[in-house]
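1. Prediction below, plus the sequence it came from.
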Amino acid sequence: MALKRTNVYADDSDLALLKEAAARLGVPEAELIREGIHRMALAHRVWDEPFVTDEETFDLGGPVTQEDIRTAVTEAHTARERRNRGDAA
């Protein structure tokens, strides 16, 4: 992937958080910035075709309850925080 240089303006507090995260993870700040740009670009991408047509459905194995969602989000958040701290899974 060819990289292109650009300039951005950021709040001092955001830059401080970025510096802390990069040090904690042992990666360059620029790597985190590139990852953030990539995630935002994908999050706002407009697809030419819908992912699922009106005729398609997904079988999620039954009704999903609020507690199922809460548990899944809590477990994923906990795992992500462990990874960010560098703890073993």
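-> That came in fine, so what should we check first? Numbering: from 1, shown residues only.
2. can you give me the offset of the lowest-mean-pLDDT helix or strand in the chain from its chain's centre?
-> Of all helical and strand segments in the chain, the minimum by mean pLDDT, DSSP states H and E falls on helix 66-85, at a mean of 91. Relative to the centre of its chain, helix 66-85 is centred 13 Å away, using CA atoms, centre = their mean, to the nearest Å.
3. Can you tell me which helices and strands that helix packs against?
-> helix 12-25 (3 or more CB pairs under 8 Å, 6 or more residues apart in numbering; DSSP states H and E). In this view, the C-beta of every residue, glycine as well, is placed from N, C-alpha and C.
4. Next, count neighbours for L17.
-> 13 (other CB atoms under 10 Å).
5. Also P28?
-> Counted with other CB under 10 Å, P28 comes out at 10.
6. re the thing from before, now the angle from the least confident helix or strand of the chain to helix 12-25?
-> Between helix 66-85 and helix 12-25, the angle comes out at 80 degrees (axes from the mean of the first three to the mean of the last three CA atoms, to 10 degrees).
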